[in-house]
Each structure stands twice: as structure tokens, then as C-alpha cells.
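A.B. asks: sequence first, then the predicted structure:
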Amino acid sequence: AQSVSQHNHHVILSEAASLELGCNYSYGGTVNLFWYVQYPGQHLQLLLKYFSGDPLVKGIKGFEAEFIKSKFSFNLRKPSVQWSDTAEYFCAVIPMDSSYKLIFGSGTRLLVRP
Amino acid sequence: GAVVSQHPSWVICKSGTSVKIECRSLDFQATTMFWYRQFPKQSLMLMATSNEGSKATYEQGVEKDKFLINHASLTLSTLTVTSAHPEDSSFYICSARDRGETQYFGPGTRLLVL
């Protein structure tokens, strides 16, 4: 079955630390890739997406992600986190077959300590 | 741009009653909308895909007679939870897909069935 794995369920960092959240998917075909963020009490917001082209994608608020096809990975990074980055982060994949369904990872809760 | 609204944001109802939740894409047309359910501290679970002008497609295990979906226009989809029971209490989230395959999420509706 198609799945998305986020191995880090909880991450705690201090401000200014660098962030990398892992995301792996199990699907051999073409995929569209997304990272969504859910701030406390708010709805899911799109951080960035990858459809094709440059595998290094830049999103909002200083986030970026790199698509490594050979590793089936789409890790999220930020060089220096802020307290306001405290949120839950979801990786999601659309396998480009007939379903076109968005498959979510289980999410990573990030806590940034001031 | 790409704003999706949901109404109501929360609802409390008695067991056996029906509840209707609306999902609207405010600034774009969405031929496809999706309904998800999110359990506490878990990821989103796709319930059904709502297509404008046609019947919804339900995921395995989701009762179509219990969760009625109507996609009346390119900007409105409704989810009706019929004969609600306490186990239907959850956080229901809709999304609307733009022409570019990106889904934008609503703020969610919290349902509590007493």
C-alpha cells in the first residue's frame, strides 16, 4: 500500500537551531510532494510543494525541501528556527495515478524553545 | 488567494440528529473537494472525494449513507452526518483542489455528539 512516513514524531529545538524533518514515501511512480503546517489552533497551510524541475524547493517562512528520487525522500529544512515555528508539520504525497489522492504522513510536532 | 472556509466551526448535537457542514472555496473554483477526518494527535484520514455534478467517491470503510456529500456548485460542498452518534464526534476538515493539483484546507469543524 502507498504510504508516507515521518520518522520524527516529536522534535524539540532551541531558537536558532537548524531543522530537518524526514519524509519518505513508498511509491515507485511519479509523485507530487507537499509539506503542510498546522500552527496551534489553526488550519493546515501549505508550506511548499514539488511537482517537477529543481528538486530543491523553497517555500514560505524560510523553509525549503529537497526531493531525492533515489531515496524516495522529501525532507524539510530550515537553517534557523524561531519560536513561532512551533507547530505540527505534515508531509503529503499525491501518487500520479488514477486516484490523485493526497496521502498524509503521521505528522511531526515541533516545539521551539525561546 | 486560495481560501477555503467551513461552517460551522463547531457544533454540538444530540445523538440521532443530523448535522450539515459546509465547505466553500472563496476565491477559486474547485471541481474537486475532499473531506477528511482527524482524530486527536493523528493525521488526516480521507473520507471521500467530492466531485461537482457527480456522486462522491468514498474510501473503504466509510459509510456513504451515513456521511452524505453533495457538491452543488464549483465553490460549495456539503457533508451531512446523518443520525449522528457519539463515535462520530471528531474534527472534520475539507479541502478544495485548484487546477494545479494543490489542495487548500478549510479550518475544520469540530463535532461533538452527546
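C.D. replies: Now that the structure is in, tell me what you want to look at. Numbering: from 1, shown residues only, chains lettered A, B, ... in the order given.
A.B. asks: residues from chain B in reach of chain A?
C.D. replies: B:34, B:42-44, B:46, B:49, B:93, B:95, B:100-108 (CB under 8 Å from any CB of the partner chain). Yep, even glycine has a C-beta here, placed from its N, CA and C like the rest.
A.B. asks: list the beta-bridge partners for the residue nearest the centre of chain B.
C.D. replies: Taking CA atoms, centre = their mean as the criterion, B:Trp35 is the residue nearest the geometric centre of chain B, at 3.7 Å. On the basis of DSSP bridges, B:Trp35 is bridged to B:Ala48, B:Cys94.
A.B. asks: verify the stated contact: it with B:Met47.
C.D. replies: Yes: between B:Trp35 and B:Met47 there is a contact under CB atoms under 8 Å: 4.6 Å.
A.B. asks: overlap of the contact sets of the two?
C.D. replies: B:Phe67, B:Leu79 (CB atoms under 8 Å, 6 or more residues apart in numbering or on different chains).
A.B. asks: and the gap between the closest residue to A:Glu66 other than its chain neighbours and B:Ile21?
C.D. replies: With sequence-adjacent residues excluded and distances taken as CB to CB, 6 or more residues apart in numbering or on different chains, A:Glu66 is closest to A:Leu56, at 5.1 Å. Plainly put, A:Leu56 is 39 Å away from B:Ile21 if you go by CB to CB, to the nearest Å.
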